[in-house]
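In: need coordinates for the below:
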Amino acid sequence: MIMNTKKIFSGIFLIILSVSGLSAQSLTPFQNVKIIHDTDTLHNPFAGGMNLPQFSVGDFDFDGIQDLFTFDKDGSKPSVYLCTDFNNLIYTYSPQHSSVFPAGLKHWVLLRDFNCDGYPDIFTTGSYFNSVYVYLNTPSGGTYNFSSPPVGPLTADNDTILIFDTDIPAIVDVDNDNDLDILGFDNQGFFMVFFENKSQDLFQDCNHPEFTVNTTCWGQFREEGLNNDVYLNISCKSDKGYDDKPTGTRHAGSTVTAFDVDSDGAKELFIGDISFDNLAFLHNGGDSIFADMDQFIYEYPDYDQPVNLTTFPAAYMIDVNIDALQDLVVTPNSPSVGSNFLNILYYKNVGTPQNAVFEFQQRDFIQNTMIDCGSASRPVFYDYNQDGLMDILIGNDRYKTSSSSEDADLTLYKNTGTPTEPMYELVTRTYLDLKNLFDNPRITSVHPAFGDLDGDGDKDLLLGDYEGKVHFFINNVTGGGPAQFDLTLPNYNNIDVGAMAMPFMADLDYDGDLDLIIGEQMGNLNYYENKGTPSQPTFSSNPDNATFGNIDVNPICCTGYATPFFYRNQNNEWELLIGMEKGNVWQYDGISGNLSGSFNKITETYGNLSEAGRCAVSGADINNDGQLELVVGNIRGGIGLYHTALPAVSIEPEILANFRIYPNPLTEGTLCIQSDNPVSQLIIMDLQGKTMGVFSVKDDCVQTGKLPQGLYFYQIFTENRKTFTGKLMIQ
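Out: Numbers count the residues shown, from 1 in each chain. Model prediction:
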């Protein structure tokens, strides 16, 4: 009868876990949290940051006003910003409209109306190497709807149109015949190829795209192979060739934008080149049929503040202020080495429809409305000033604003709200002044983790870095007030996980002290058991388990950027959320009592989060609703903030008052427990997590029976469902 009851209870428990597991995966954006920079309240604080955005336009809410679309090459992230107040130039991030785009977009994405139906379609690179594909837009239900599979690869004269994925082509009506053509550099990177669309010529509509190579030296110019110099008046030997054969290696990459600056019917060119910070301009002295570049300006606009943007700038013509004049927006296009902060240049067109004149306005267009910490933000909740409100500290790969300015640092946001209504103000982007603290060698890719390692009641800091090392900062604060961190032990314990150390501290074995878990670039977790005490931790330099939980967030190839966050469920058992390079979050349970085994994967798509690259999560109950909120970082340097259904259970080590388990080592079958908290149950497990016995505790002692000699884990449960775990030696 007892066995049947246990089976019934077990079944009910599994059903409860199943249902709660589904509900625990739900996420909703925490929209009404104010973020303040100086005296400004950010309009799009949780839009996620910008690194390499490509700009287009479309009327996503069908209100007759053009909205902004960006595709960030870093993380392949599409985003929509609705024009909600064009009088004050306010664009509002819309996750709903951002979610309509097909998965798998990469390298470059431009919205253009391919079939002349009034709705922008998607031009992008495709699965066929360096090819061009089009997703047609057929709106339905008041929203854009892009066809799948896409049309393509596009061909010209039965050959595939090739645009190198480092480049961005011009998709524009070059010859003014009302269909879209393509301009891009040839496969050597010297000459401009004009892929002419003959749809209007042959069919008198836009629905039958048929491309031909009009010329392989459009504009009668060539670009040098070893630099970005341009030579004019190049004589083509035929309409598909050239006399002036260039020398040198291929130019590695170029962005191309075509726009009729002087409204004479002939398109001018804006060109950005890889490894260079300037935007070049070519004036077209020809006409819509025969292009002839007659003026080259190396640093444009030469009459205003020229573009100087590290590195590989790309130009986009969009009507930012809705005045019927096309403005100029310039962004970087080179992953890893391009600017990632203060890098969205906006030039307002102050000219006329007959003569565009671009006047510099700002370096942070749209970007200034959101939290942006350079690249690869890694946010952590932490009460740095001990006022009971959780603040946010954000590590990053680096802030890069120029070729000579490239530093990682910690950005601090202080919670100035209330226990139920958080509000955050930017305190500093150089918390701890890491640039000067680690000047030789320079530190990059920093990841903070907090825990009381010295047992003095305040939290210390471990800082992971790109080299795979961690650095120990002791908190020397006395009494209340802000933390006072001092770098005590750089290269802490000679720990080295290889690359991209992303630490987390938690008492995973329930023995009252903090253990160390470090994620790394390869996608696995490293477990370092604390073999010391709560006030004197002892960690080996090598992990006790380098494949912790048998987790690999990138099991195919080649990097994963495993970023762990452990939390406790209602039963005080450990669970795990782990961010990864692809931008989603995996969730695990089956951790407690199973530290040497394989954890149970609940889902690879927790909350349907998709932060598009290097997702990093941290949780805390910041509004006292009894559930965790998650702050989420990404490759673009911004953050998201979400409500969850996860319980807000303390993850601090639990030390029971006057607790003792004896005798330990145990030589006979009677084990006793002394504690001020009444204990109801004892579980003994082997080192693999296998349960060896479950005992009800009466009169403070239990009869364990005869167990083989060796080392075991024990876990006790108090009557108020708190737990405590330690080690038991049986001799």
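
In: in terms of contact, does residue 105 touch residue 123 like I think?
Out: No: with contact defined as C-beta atoms under 8 Å, residue 105 and residue 123 do not form a contacting pair (10.6 Å). Quick note: C-beta positions are derived from backbone N, CA and C, even for glycine.

In: quick one, which of the two is more surrounded?
Out: Between residue 105 and residue 123, counted using other C-beta atoms under 10 Å, the more crowded position is residue 123 (24 against 20).

In: burial of the closest residue to the more buried one other than its chain neighbours, as a residue count?
Out: Residue nearest to residue 123 in three dimensions, not counting chain neighbours: residue 110, with 4.7 Å by C-beta to C-beta, 6 or more residues apart in numbering. The criterion is other C-beta under 10 Å. On that basis, residue 110 has 20 neighbouring residues.

In: got it, and residue 379?
Out: Applying the criterion other C-beta under 10 Å, we find 27 residues in the vicinity of residue 379.

In: equivalent analysis for the one 3 residues further on, please.
Out: Applying other C-beta under 10 Å, we find 19 residues neighbouring residue 382.

In: what residues are bridge-paired with it?
Out: Using DSSP bridges, the beta-bridge partners of residue 382 come out as residue 391.

In: re earlier: now the residue nearest to residue 123: phi and psi?
Out: Summarising the backbone geometry of residue 110 under the convention degrees, to the nearest 10, its torsions are phi -130, psi 140.

In: measure it to residue 334 for me?
Out: When C-beta to C-beta, to the nearest Å is the yardstick, residue 110 and residue 334 sit 18 Å from each other.

In: spatially central residue in this protein, please.
Out: Centroid check for the chain by C-alpha atoms, centre = their mean gives residue 634 as the closest residue, at 1.7 Å.

In: which SSE is the closest residue to residue 573 other than its chain neighbours in?
Out: Once flanking residues are discounted, residue 573 sits nearest to residue 592: 4.3 Å by C-beta to C-beta, 6+ apart. With elements delineated by DSSP states H and E, residue 592 resides in a region that no helix or strand encompasses.

In: near residue 592, how many other residues are there?
Out: For residue 592, the count of nearby residues is 22 (other C-beta under 10 Å).

In: ok, back up a step: who's in contact with the residue nearest to the centre of the chain?
Out: The neighbours of residue 634, taking C-beta atoms under 8 Å, 6 or more residues apart in numbering as the test, are 48-49, 75, 77, 376-377, 583, 611-616, 640.

In: what pLDDT does residue 305 get?
Out: Here the pLDDT value assigned to residue 305 is 98.

In: surely it touches residue 360?
Out: Yes: shown here, residue 305 and residue 360 form a contact pair, counting by C-beta under 8 Å, at 4.2 Å.

In: residue 355 touches residue 268, doesn't it?
Out: No: taking C-beta under 8 Å as the contact criterion, residue 355 and residue 268 are not neighbours in contact, 11.8 Å apart.

In: name the residues contacting each of those two.
Out: With the criterion set as C-beta under 8 Å, 6+ apart, the overlap between the contacts of residue 355 and residue 268 is 261-262.

In: and the contacts of the helix or strand encompassing residue 195?
Out: Secondary structure assignment for residue 195, by DSSP H and E: strand 192-197. The list of residues contacting strand 192-197 from outside it, by C-beta under 8 Å, 6+ apart, reads 154, 156, 161, 174-175, 179-186, 209-219, 221, 256, 269, 291.

In: same deal with stretch 423-436?
Out: Contacts of stretch 423-436 from elsewhere in the structure, counted by C-beta under 8 Å, 6+ apart, are 33-38, 373, 391-393, 399, 407-417, 442-443, 446, 473, 485.

In: one step back: ok, the residue nearest to residue 123 - contacts?
Out: Contact analysis of residue 110 by C-beta under 8 Å, 6+ apart lists 54, 56, 122-124, 168, 171.

In: could you redo the last one with a cut-off of 10 Å?
Out: Residues near residue 110 by C-beta atoms under 10 Å, 6 or more residues apart in numbering: 54-56, 69, 71, 120-124, 168-172, 316.

In: equivalent analysis for residue 443, please.
Out: Counting by C-beta under 10 Å, 6+ apart, the residues that residue 443 touches are 398, 407-409, 434-435, 437, 463, 465-467, 469, 471, 490.

In: excluding chain neighbours, give the residue nearest to it in space.
Out: Nearest non-adjacent residue to residue 443 (C-beta to C-beta, 6+ apart): residue 465, at 5.2 Å.

In: equivalent analysis for residue 299, please.
Out: Closest residue in space to residue 299, ignoring its immediate chain neighbours: residue 306 at 4.0 Å, by C-beta to C-beta, 6+ apart.

In: ok, the one you found touching residue 328?
Out: No: when contacts are counted by C-beta atoms under 10 Å, residue 306 is not listed as touching residue 328 (11.9 Å).

In: and residue 559, backbone torsions?
Out: For residue 559, the backbone dihedrals (degrees, to the nearest 10) come out as phi -130, psi 160.

In: tell me where the stretch 501-650 of the chain has strands.
Out: Assignment of strands within the stretch 501-650 of the chain using DSSP state E, counting those that start in this stretch yields the ranges 502-506, 515-519, 525-528, 563-568, 574-579, 585-589, 600-603, 616-620, 627-633, 639-647.
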